[in-house]
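Engineer: would you be able to build a 3D model of this:
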Amino acid sequence: MRQAGLFGLSDHMKRLSADGDPLEVLARIVDFEAFRPTLVSALGYSDGTKGGRPPYDPVVMLKVLVLAAQNNVADGRMEWLIRDRLSWLRFLGFDLGAATPDANTIRMFRERLTAVGALDTLFADFDRQLKARGYLPMGGQIVDATLVAAPKQRNTEAEKAAVKAGRSAAEIWPDEPARARQKDVDARWTLKFAKARPTADGKPQPDIAIPSFGYKSSIAICRTFGFIRKGKVTDGARYDGRMLRDVVTSDNTASDVWADTAYRSQSNERWLKAQGRVSRIHRRKPKGRPMPAHVRRGNATKSRVRARVEHVFAHQKAVMGLFIRTIGIERAKAKITLANLAFNIHRLIFHERRAAMG
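Structural biologist: Below you'll find the model as predicted:
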């Protein structure tokens with residue numbers, strides 16, 4: 001293979017820019033330097049007087065985490081892709097042939113941020129950026145949850161009972177430390193229900209129950225702009241309705257709150273009213289009776305609004321490939337919080353491009 005010269009590399013990068021390098025758009029639209037105060041405060045890096053290898057710039061490392069979240073890339077693969085992709089090198093500010101973060105450095109950086117709770121602060125920092133640019137929480141908020149899959153655990157009945165009882169992996173497998181390190185005792189099984197298609201003669205069929213294992217991501221998005229304004233991560237078995245109070249925000253300029261029937265309860269209705277919010281939550285079908293026509297029409301109207309939150313989950317799972325590869329709920333929270341941040345960045349680019357075209 002003929003060695004590329006300096007001018008050949010420069011021309012190649014110019015062609016990447018001419019073709020519309022999305023990372024150049026990302027670097028232009030998102031102010032990553034605004035995250036530096038939070039990163040510096042959270043990481044507590046030394047001033048270098050004690051010697052040792054200096055750490056990579058924290059803003060650059062945050063960019064690495066955003067790239068990994070956007071592409072659902074494991075740390076080992078991320079190490080290789082940073083060296084392989086010229087557009088990624090340029091976005092991160094590394095010279096060709098210079099040292100780049102390895103898998104362990106990326107993992108330790110993310111875990112250090114996780115340990116001090118800085119990822120939630122970074123998410124809030126970006127939300128303030130959005131508000132400063134005019135993207136205020138408006139039009140009411142839409143609440144929903146989705147199950148984020150994790151690798152299934154193969155346990156005996158006794159081990160399953162111990163997991164449900166809240167025992168740690170070290171307690172369940174005291175004589176097998178290597179096995180215990182690979183066991184996720186925080187994720188849970190749950191059932192996802194899907195509507196079955198009616199038969200050819202129109203006869204309805206029972207709903208399909210699909211067992212799923214992993215964690216649950218609950219979010220609230222603003223209706224006007226579609227940004228995730230708040231999120232919460234729990235085990236997969238947590239009931240959706242219990243999460244309403246954890247994700248509904250108080251700063252939306254409109255009072256309406258949309259959600260599906262899982263969130264409708266007398267307790268939630270009273271709480272929303274006390275918060276000055278108007279419930280637009282779907283109503284349930286009366287037991288043993290047909291759904292009243294006016295309730296069916298009302299639910300259909302609400303569904304047209306509520307469907308927007310499904311687009312968020314579809315993007316995270318289909319485009320970003322969101323999946324939990326790590327062990328434990330704290331790492332799952334970090335993974336999903338970064339995915340929510342990456343989605344909001346994607347959404348900001350969408351709005352900025354549309355504004356430029358209009």
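
Engineer: now do the strands in the stretch 201-350 of the chain.
Structural biologist: Using DSSP state E, counting those that start in this stretch, the strands found in the stretch 201-350 of the chain span residues 208-222, 228-235, 256-259, 278-281.

Engineer: run a quick neighbour tally on the nearest residue to Ala68 once chain neighbours are set aside.
Structural biologist: Setting aside the residues directly before and after it, Ala68 is nearest to Met78 in space (CB to CB, 6 or more residues apart in numbering), at 5.1 Å. From N, CA and C alone the C-beta is placed, and that goes for glycine too. The number of residues packed near Met78 is 21, by other CB atoms under 10 Å.

Engineer: same question for Phe343.
Structural biologist: The number of residues near Phe343, taken as other CB under 10 Å, comes to 25.

Engineer: repeat for Ile210
Structural biologist: 11.

Engineer: and what of Gly93?
Structural biologist: With other CB under 10 Å as criterion, Gly93 counts 12.

Engineer: can you tell me which residues contact Arg306?
Structural biologist: Taking CB atoms under 8 Å, 6 or more residues apart in numbering, we find Arg306 in contact with 142, 144, 258-260, 282.

Engineer: doesn't the residue nearest to Ala68 lie inside a helix?
Structural biologist: Yes - with DSSP: H, G, I helix; E, B strand; the rest coil as the criterion, Met78 is part of a helix.

Engineer: looks like it contacts Ala103 (just checking).
Structural biologist: Yes - using CB atoms under 8 Å, Met78 is in contact with Ala103, at 6.9 Å.

Engineer: centre of the chain to the helix ranked longest in the chain, how far?
Structural biologist: Determined from DSSP state H, the single longest helix within the chain is helix 329-357. The chain centre lies 8 Å from the centre of helix 329-357; the measure is CA atoms, centre = their mean, to the nearest Å.

Engineer: buried residues in that helix, which are they?
Structural biologist: 329, 331-349, 351-352 (16 or more other CB atoms under 10 Å).

Engineer: shouldn't Lys192 be within a strand?
Structural biologist: Yes - counting by three-state DSSP, Lys192 is located in a strand.

Engineer: I'd like to know which elements the helix or strand hosting Ala68 is packed against.
Structural biologist: Ala68 is located in helix 58-71, with elements delineated by DSSP states H and E. Counting by 3 or more CB pairs under 8 Å, 6 or more residues apart in numbering; DSSP states H and E, the packing neighbours recorded for helix 58-71 are helix 36-43, helix 75-84, helix 86-92, helix 103-115, helix 329-357.

Engineer: 6 Å instead?
Structural biologist: helix 36-43, helix 103-115, helix 329-357 (3 or more CB pairs under 6 Å, 6 or more residues apart in numbering; DSSP states H and E).

Engineer: mean pLDDT and distance to Gly202 added to those helices, as TSV?
Structural biologist: Shown next, in TSV, are those (pLDDT from 0 to 100; distance: least, CB to CB, whole Å):
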stretch	mean pLDDT	distance to Gly202
helix 36-43	94	57
helix 103-115	96	52
helix 329-357	95	39
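
Engineer: adding distance to Thr249, write the ones you listed out as JSON lines.
Structural biologist: Listed next are these as JSON lines, based on distance: least, CB to CB, whole Å:
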{"stretch": "helix 36-43", "distance to Thr249": "20"}
{"stretch": "helix 103-115", "distance to Thr249": "23"}
{"stretch": "helix 329-357", "distance to Thr249": "14"}
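
Engineer: for those helices, which one sits closest to Val66?
Structural biologist: The minimum distance between Val66 and these falls on helix 329-357, with 5.6 Å, by CB to CB.

Engineer: strand 208-222 and that closest one, what's the angle between them?
Structural biologist: Helix 329-357 and strand 208-222 are oriented at 60 degrees to each other (axes from the mean of the first three to the mean of the last three CA atoms, to 10 degrees).

Engineer: now Asp186, nearest residue through space, not along the chain?
Structural biologist: Nearest to Asp186 is Ile329, by CB to CB, 6+ apart, at 3.8 Å.

Engineer: Thr234: what's its closest spatial neighbour, skipping adjacent residues?
Structural biologist: Lys216 is the one closest to Thr234 (CB to CB, 6+ apart), at 5.0 Å.

Engineer: okay, now that neighbour: neighbour count?
Structural biologist: 24.

Engineer: for it, give me the pLDDT.
Structural biologist: pLDDT, Lys216: 97.

Engineer: so who does it touch?
Structural biologist: 145, 147, 234, 236, 238 (CB atoms under 6 Å, 6 or more residues apart in numbering).

Engineer: any weak-confidence spans in the chain?
Structural biologist: Scanning the chain with the threshold set as pLDDT under 70 gives 1-8, 46-53.

Engineer: make it 50
Structural biologist: 1 (pLDDT under 50).

Engineer: returning to what we had before: go through the helix holding Ala68 and flag the buried ones.
Structural biologist: Those would be 58-70, for helix 58-71 by 16+ other CB under 10 Å.

Engineer: next: stretch 103-116.
Structural biologist: Neighbour count says stretch 103-116 has 105-107, 109-110, 113-114 buried, by 16+ other CB under 10 Å.

Engineer: now Met357: how far from Ala27?
Structural biologist: 20 Å (CB to CB, to the nearest Å).

Engineer: enumerate the positions of stretch 287-303 that are buried.
Structural biologist: For stretch 287-303, by 16+ other CB under 10 Å, it's 299, 302.
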